[in-house]
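Q: what's the 3D shape of this:
(chains A and B)
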Amino acid sequence: MTIMEAAGSGAAARLADGTSMRDLFDLDRREVSLRVHHDPEIFAMEMERIFARSWLPVAHESEIPNPGDFVRRYMGQDSCLVVRGDDGGISVLLNACSHRGMSLCREEKGRASNFKCPYHGWAFGKDGRFMGAPFEKQMYGDQLRHDVDRLRLVRAKTALLGGMVFANWDEDAEDFETYLGDFGWYLKAALERTNRGLEAVGPPQRHIMRANWKLLAEQLADGYHARALHQSAGDMGTLGHNANDPASWGLIGINVSTPGGHTLRCIDMRVTYNFQGMSADATPAERLAAVPPPGADAAMTREFPQNLSEDQIRLLADTPPLVMGLFPGTDFFMLMSVSGSEDGSHGPVMVARTWIPRSPELFEMLTWILVERDASEELRERTKKTTIRNFGISGYIEQDDAEAWQGIQKVAQGPIGRRLMSKYQAQIGIVKPDDFGGGGDVHAGFSRDDAQWAWWKRYAEVMAE
Amino acid sequence: MTETFKIAQSSVPISFGEGRRLRPTEGRYLELLDFLWEEAAVLDRDDLLGWKDMLDQRIVYRMPVCVTRKRRSGENFETETMHFDEDYLSICFRIRRFEETQAWAADPPTRTRRFVTGVRAWETSDMGLYDVTSSLLLVRSTDDDYRTDLLTAERFDRIHVADDGAAKLVERKIIADQTTIGTHNLAVFL
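A: A predicted model of the protein is given here:
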């Protein structure tokens, strides 16, 4: 069976040269061949097996506040419309007329009472229902009226997390809560901590990256690269205040992974941050009020008990999640106290990102900047500026990461290079502190390869079964 | 004919190009043109400290995210979110990082060539302060890759010329022509 035949089915797949997907992994040694970042057959299979069937982020609901507001985005390579309906609900619709497949919407953002196809004029409602066609009686008689359900726009199922709209084309895929699994607890602590929640500052930045999408996705649980790759951040005083102390590079903390391939990294605030002047008996709530988490202020921390459990509050105070990755295509960064200006000021970073694969060696990044709705003007500006200066297209920390992704992609271009195996031998195993309230596979201590390998195991499972 | 542009969240008056338009034969126009050419040459030879000297310490340097809208949507192409959102001290931070640290993205330096054309200038109500717009074509190449990235943009500048003729950039808004920026980072100044 060829890759293309197997792509949509559950059958084991072989590449055209006879290699099976399984051959590209060494599950015992924890290694994966660089070929996965280069091969066009593998890419095509990913589009079917992963991007056509996964929960992917498409918009922040604050981008479409009023009925009729919409943005046009991508899920994998399929264009979709994210539309606010009259009832306040959100529809995610394939941007394709059901008649002859014409691209329906020609703007990235707008407001519409309905969507009318430029080709023959078929019209669809905000929820994708088929409304009518020009000269309907003369052209079709009653035909279309008997077919209204089949003619509706293809619709993805949707869910919300921290205001991010997630969508999945596969009606039979697991529901969103099941997809999140143990991860939901951590994400809600980070993103749904206040009463009014988060909003996006505006539309996301969009730019290209000359690398395979997986090089970003699998890097999210990598803490080890901080000292070498982000050396300049160390030299600038943002990270690594004590060059030989792993904690100052964010390397001591808690990595968490799940069988679903989600990964996150928490740093241990008790080791990394100097709570000067605070009593050792200070409660988590007191510590959070004194040193609020990224993007929040002291007043907001008083809302936390209304939205979070005691364990979640303790998570934010002791071991907050910094870098959270959802398989296959989402991340959230919540960093505190990052610099970016010679005035010595520090600010929070709050970012959500997704990546749109375009080819094995090209993807597009979308970067949203998030702020608390109730943030003061000063906090909002500081969050925006710090985030943009550190991450996103002009972000100076992110510039270094792109060098790694693009540098590996160059190696994968050659037949010898792509026989190299990417290695994940550094394992700490399950190390879960007694008082740790979170679930999933918990790896506390020095940040090793455990969570990254969990990402690859999930990828192997989806691609090689 | 005057043209009015809206500068998002600008600290200076929101109108642009409302004053008298300078003729290309005027000395002052030629001085502003030369300033932009000098700036392009300074940046192309990676003289970031030299570029810093061309900036007014009040500088606001922004590049709004833009999205494709219908002609008659009644709303702007540009939005409130930014690709660049800089002031003097944040620019200094970036320059110090390039100059003094191991910034992998810029070492070896990316090679750029800036083509500045279509320069038009207007007086403003402030003596010595000019609204200047220009078209920028930036061609970027890295390492031994034969492929180049092209970035085109319109820049909306406020440039101050002192009595002694010394010019400084006070404000810049960069509107790129792409809504999806076709390069992997903005580790270069536009």
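
Q: Could you give me the buried positions within the helix or strand where B:Glu31 lies?
A: Assessed by DSSP states H and E, B:Glu31 sits inside helix B:27-44. Buried residues in helix B:27-44, counting neighbours by 16 or more other CB atoms under 10 Å in any protein chain shown, are found at B:29, B:31-33, B:35-36, B:39-40, B:42-43. Where C-beta positions appear, they are placed from N, C-alpha and C, glycine not excepted.

Q: which one of those residues sits closest to chain A?
A: Among the buried residues of helix B:27-44, B:Leu43 lies closest to chain A (CB to the nearest CB), at 15.0 Å.

Q: for the helix holding B:Glu31, packing partners?
A: Counting by 3 or more CB pairs under 8 Å, 6 or more residues apart in numbering or on different chains; DSSP states H and E, the packing neighbours recorded for helix B:27-44 are helix B:48-52, strand B:111-123, strand B:129-141, strand B:149-161, strand B:167-176.

Q: For the ones you listed, give me TSV that also has mean neighbour count and distance to A:His60.
A: Below are the helices and strands packed on helix B:27-44 laid out as TSV (neighbours: other CB atoms under 10 Å in any protein chain shown; distance: least, CB to CB, whole Å):
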stretch	mean neighbour count	distance to A:His60
helix B:48-52	17	35
strand B:111-123	16	34
strand B:129-141	19	31
strand B:149-161	19	26
strand B:167-176	21	22
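
Q: Quick check: the gap between A:Phe135 and A:Glu342.
A: 66 Å (CB to CB, to the nearest Å).

Q: typo on my end, it should be A:Met350
A: Distance from A:Met350 to A:Glu342, counting by CB to CB: 23 Å.

Q: between the two, who's got more neighbours?
A: Comparing A:Met350 with A:Glu342 by neighbour count (other CB atoms under 10 Å in any protein chain shown), the higher total belongs to A:Met350, at 31 against 17.

Q: domain assignment for chain A?
A: A:3-51, A:58-173, A:201-464 (automatic domain parsing).

Q: Can you give me the first-to-last residue distance of the longest one?
A: Distances were taken as CA to CA, to the nearest Å; on that basis the terminal residues of domain A:201-464 are 40 Å apart.

Q: Is it in proximity to chain B?
A: Yes - Domain A:201-464 reaches chain B (CB under 8 Å from any CB of the partner chain) through A:201-210, A:229, A:231-232, A:235-236, A:339-343, A:364, A:369, A:384-385, A:388-389, A:392-396, A:398-400, A:402-403, A:406.

Q: how far does that domain sit from the chain's center?
A: 11 Å (CA atoms, centre = their mean, to the nearest Å).

Q: swap in stretch A:17-37?
A: Using CA atoms, centre = their mean, the offset of stretch A:17-37 from its chain centre is 25 Å.

Q: can I get the CA coordinates of that stretch in CSV?
A: The C-alpha coordinates for stretch A:17-37 follow below in CSV (Å, rounded to 0.1, in the frame of the first residue of the first chain):
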residue,chain,number,x,y,z
ASP,A,17,11.3,3.3,-1.4
GLY,A,18,9.9,0.6,0.8
THR,A,19,10.8,2.2,4.2
SER,A,20,8.1,2.0,6.7
MET,A,21,7.4,4.9,9.1
ARG,A,22,8.3,2.6,11.9
ASP,A,23,11.8,2.2,10.4
LEU,A,24,12.4,5.9,11.0
PHE,A,25,12.2,5.6,14.7
ASP,A,26,14.4,3.8,17.2
LEU,A,27,12.0,3.5,20.1
ASP,A,28,14.4,1.7,22.3
ARG,A,29,17.2,4.2,21.9
ARG,A,30,14.8,7.2,21.7
GLU,A,31,15.9,8.5,18.3
VAL,A,32,14.2,9.7,15.2
SER,A,33,15.5,10.1,11.7
LEU,A,34,15.9,13.6,10.2
ARG,A,35,14.2,12.2,7.1
VAL,A,36,10.8,13.1,8.7
HIS,A,37,11.6,16.7,8.2
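
Q: Can it be said to contact chain B?
A: No - shown here: stretch A:17-37 not in contact with chain B (CB under 8 Å from any CB), separated by at least 15.9 Å.

Q: Could you give me the buried positions within that stretch?
A: Neighbour-count burial for stretch A:17-37 flags A:19, A:21, A:24-25, A:30-37 (criterion: 16+ other CB under 10 Å).

Q: Show me which of these is closest to chain B.
A: Chain B lies nearest to A:His37 out of the buried residues of stretch A:17-37, by CB to the nearest CB, at 15.9 Å.

Q: show me the residues around the nearest residue to that closest one once chain neighbours are set aside that make contact.
A: Leaving aside its sequence neighbours, A:His37 sits nearest to A:Asn212 (CB to CB, 6 or more residues apart in numbering or on different chains; 3.8 Å). Going by CB atoms under 8 Å, 6 or more residues apart in numbering or on different chains, A:Asn212 touches A:36-38, A:357, A:360-361, A:363, A:405, A:409, A:412.

Q: Closest to B:Phe189 out of those?
A: Nearest to B:Phe189 out of the contacts of A:Asn212 is A:Trp405 (CB to CB; 23.1 Å).

Q: ok, that closest one touching A:Glu218?
A: No - counting by CB atoms under 8 Å, A:Trp405 sits too far from A:Glu218 to count as a contact (10.0 Å).

Q: So if I had to pick from those two, which one is more boxed in?
A: Neighbours per residue, other CB under 10 Å: of A:Trp405 and A:Glu218, the larger number sits with A:Glu218, 26 against 20.

Q: And for the more buried one, nearest residue in space, chain neighbours not counted?
A: A:Trp455 (4.9 Å).

Q: Helix, strand or coil: sort out that neighbour for me.
A: helix (DSSP: H, G, I helix; E, B strand; the rest coil).

Q: burial measure for it, as a count.
A: A:Trp455 has 26 neighbouring residues, counting by other CB under 10 Å.

Q: so what's it up against?
A: If you count contacts by CB under 8 Å, 6+ apart, then A:Trp455 has A:217-218, A:220-221, A:257, A:261, A:263, A:325, A:327 around it.

Q: Generate a PyMOL selection restricted to the buried entries among the residues you listed.
A: In PyMOL syntax, the buried subset of these is picked out as below (16+ other CB under 10 Å):
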select buried, chain A and resi 217+218+220+221+257+261+263+325+327
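
Q: just checking, A:Gln418 touches A:Ile408?
A: Slight slip there: residue A:418 is Arg, not Gln. No - look at A:Arg418 against A:Ile408 with CB under 8 Å: they stay out of range, at 10.2 Å.

Q: what is in contact with these two at once?
A: Here A:Arg418 and A:Ile408 have A:34, A:37 as joint contacts, going by CB under 8 Å, 6+ apart.

Q: Now do the host helix or strand of A:Glu177: which elements does it pack against?
A: Taking DSSP H and E as the definition, A:Glu177 sits inside helix A:176-180. Judged by 3+ CB pairs under 8 Å, 6+ apart, helix A:176-180 is in contact with strand A:155-161.

Q: The helix or strand that the strand it packs on is followed by pairs with which strands, parallel or anti?
A: Next helix or strand after strand A:155-161 toward the C-terminus (DSSP H and E): strand A:164-168. Note on strand A:164-168: by DSSP bridges, its sheet partners are strand A:56-60 (antiparallel), strand A:155-161 (antiparallel).

Q: Just the CA atoms of strand A:164-168, as PDB, please.
A: These are the backbone C-alpha positions of strand A:164-168, laid out as PDB (Å, rounded to 0.1, in the frame of the first residue of the first chain):
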ATOM      1  CA  MET A 164      -8.500  30.700  22.000                       C
ATOM      2  CA  VAL A 165     -10.900  29.100  19.500                       C
ATOM      3  CA  PHE A 166      -9.800  25.500  18.700                       C
ATOM      4  CA  ALA A 167     -11.300  23.600  15.800                       C
ATOM      5  CA  ASN A 168     -11.100  20.100  14.500                       C
END
